[in-house]
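Engineer: Below is the sequence, then the predicted model.
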Amino acid sequence: MKTKTRIASLALSLMLTSGAALADLKIGVSMSQFDDTWLTYLRESMDKKAKSLPDGVTLQFEDARSDVVKQLSQVESFISQKVDALIVNPVDTAATQRITKAAVAAGIPLVYVNRRPDDPKLPEGVVTVASDDLEAGRMQMQYLADKMGGKGDIVILLGDLANNSTTNRTKGVKEVLAKYPGIKIEQEQTGIWSRDKGMTLVNDWLTQGREFNAVVSNNDEMAIGAAMALRQAGKKKGSVLIAGVDGTPDGLNAIKKGQMAVSVFQDAKGQADGSIDTAVKMAKGEKMASVVVPYRLITPENVDQFK
C-alpha cells in the first residue's frame, strides 16, 4: 500500500509540475522602440492578449531604442534566460541575420512581428506576423489617383529608411503611379515616422513655393504633421489631399475632420494576437507558418467602422 501511495503521489507531483511548466511560458519581446504611436498600440495589444490566455504567459518587453546592437544584446539576454519563445520587432530589417542565427542555435522559436526581415527565406523555427506593405502603398495611392483624376503633383513622406515597410509602401505607391503618367512626384524625403518631422518637411516645401496636390505619407503621424503645416500656411482644408497608413485614433479623427483624405488600417490587435498565438504554439512544439494580416482602406465614408 505504501508503495502504491508513493507512486500515486509521484504521479500527481509530475502532473502538477508539468502543468505548471505549461502554464508558465516566458516570452521575451524586443521592440524596435517604445516611443512610437502605432508600436505602442501593438505592444499594449500584445500584453492584453497574453493576459487573456487561459495558460499563464509572461511577456518581458525591452526597448531597443532604435539601436541594432542593443536589440541583439536584448535577444542574447533573453536566450541566456532560457525564455520559451522570442518575439522581435526589428530595428533594421536588413540587420536581422545575427538575431535569427542566435535563436536557431539556441533552439528557441522566433517570431518577427510587424516588420519582415529582408532575408528572402527564413529557417525553420522562425516566422513572421505582419501585413503586406506593398498593398498599403497601392491602396492609398489608387484612392488618391482616382480623386485627382489621374493628374497633378504629389510629395511623398517616407518613413525610416532602415525599415523595409518604408521601401515597400513607397514601392506600392510607385506601382500605381506607373499607370498614371499625369501624376508627378514633386518631392520625396524621409520624415522618419515623426509628426514633427512631417510638419517641418511640408512647411519647408511650402516656404520654398512648391506646389502639390497631394501628400502621400508612409504613416499617419507624418500625414497629421503635413495637415498641420498646410493649416498653418492658410491652405483651405481638403485643397491638398493627404493619405496616411495605420488608422491610429488620431488618424481616424483627422479623416473625420476632413484633415486627411484617406488612410490604410494596419491591424495592431491582429498582429499582436497573431504573434502571441504563434509564439505560444511554437513554444509548445507546433510547427507554424508565417501570418499575413490584411490591410483595409479607411475613407470618410467608412471611418466610423474603425473607431
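Structural biologist: In hand now; what should we look at? Predicted, not measured: the structure shown is a model, and the values here were computed from it.
Engineer: what about the helices in the stretch 201-307 of the chain?
Structural biologist: 220-232, 249-256, 268-283 (DSSP state H, counting those that start in this stretch).
Engineer: can you pull the contacts of I108?
Structural biologist: 78-79, 83-86, 125 (C-beta atoms under 8 Å, 6 or more residues apart in numbering). (Glycine included, C-beta is placed from N, CA and C.)
Engineer: Out of those, which two sit at the greatest distance?
Structural biologist: Spanning the widest gap among the contacts of I108 are F78 and G125, at 14.9 Å by C-beta to C-beta.
Engineer: Have a look at those two and say which one is more surrounded.
Structural biologist: F78 (25 against 18; other C-beta atoms under 10 Å).
Engineer: host element of the more buried one?
Structural biologist: In this structure, F78 sits in helix 68-80 according to DSSP states H and E.
Engineer: For that helix, which helices and strands make contact with it?
Structural biologist: Helix 68-80 sits against strand 25-31, strand 57-63, strand 85-88, helix 97-106, with contacts defined as 3 or more C-beta pairs under 8 Å, 6 or more residues apart in numbering; DSSP states H and E.
Engineer: So which of these is nearest E186?
Structural biologist: That would be strand 25-31 among the helices and strands packed on helix 68-80, by C-beta to C-beta, at 34.6 Å.
Engineer: Run the chain-centre distance for the helix holding F78.
Structural biologist: Distance of helix 68-80 from the chain centroid (C-alpha atoms, centre = their mean, to the nearest Å) equals 20 Å.
Engineer: Now that helix: buried residues?
Structural biologist: 68, 71-72, 74-75, 78-79 (16 or more other C-beta atoms under 10 Å).
Engineer: now what about stretch 225-240, what contacts it?
Structural biologist: Here stretch 225-240 has contacts from 157, 191, 194-203, 206, 212-215, 217, 242, 254, 258-261, using C-beta under 8 Å, 6+ apart.
Engineer: what are the phi and psi values for the most centrally placed residue in the chain?
Structural biologist: In the chain, the centroid-proximal residue (C-alpha atoms, centre = their mean) is N114; its distance is 3.6 Å. The phi and psi torsions at N114 (degrees, to the nearest 10) take the values phi 80, psi -40.
Engineer: Next one: it from A229, what distance?
Structural biologist: 28 Å (C-beta to C-beta, to the nearest Å).
Engineer: Same check on E211?
Structural biologist: In terms of C-beta to C-beta, E211 sits 14 Å off from A229.
Engineer: likewise K49?
Structural biologist: 37 Å.
Engineer: Compare those two and say which one has the larger neighbour count.
Structural biologist: More crowded of K49 and A229, by other C-beta under 10 Å: A229, with 22 against 19.
Engineer: Can you give me the buried ones in stretch 93-113?
Structural biologist: So, applying 16+ other C-beta under 10 Å, buried residues of stretch 93-113: 93, 95-96, 99-100, 102-104, 106, 108-113.
Engineer: out of the contacts of I108, which one sits closest to T166?
Structural biologist: L86 (24.1 Å).
Engineer: my guess is that closest one contacts P109, does it?
Structural biologist: Yes - look at L86 against P109 with C-beta atoms under 8 Å: they come within range, at 7.0 Å.
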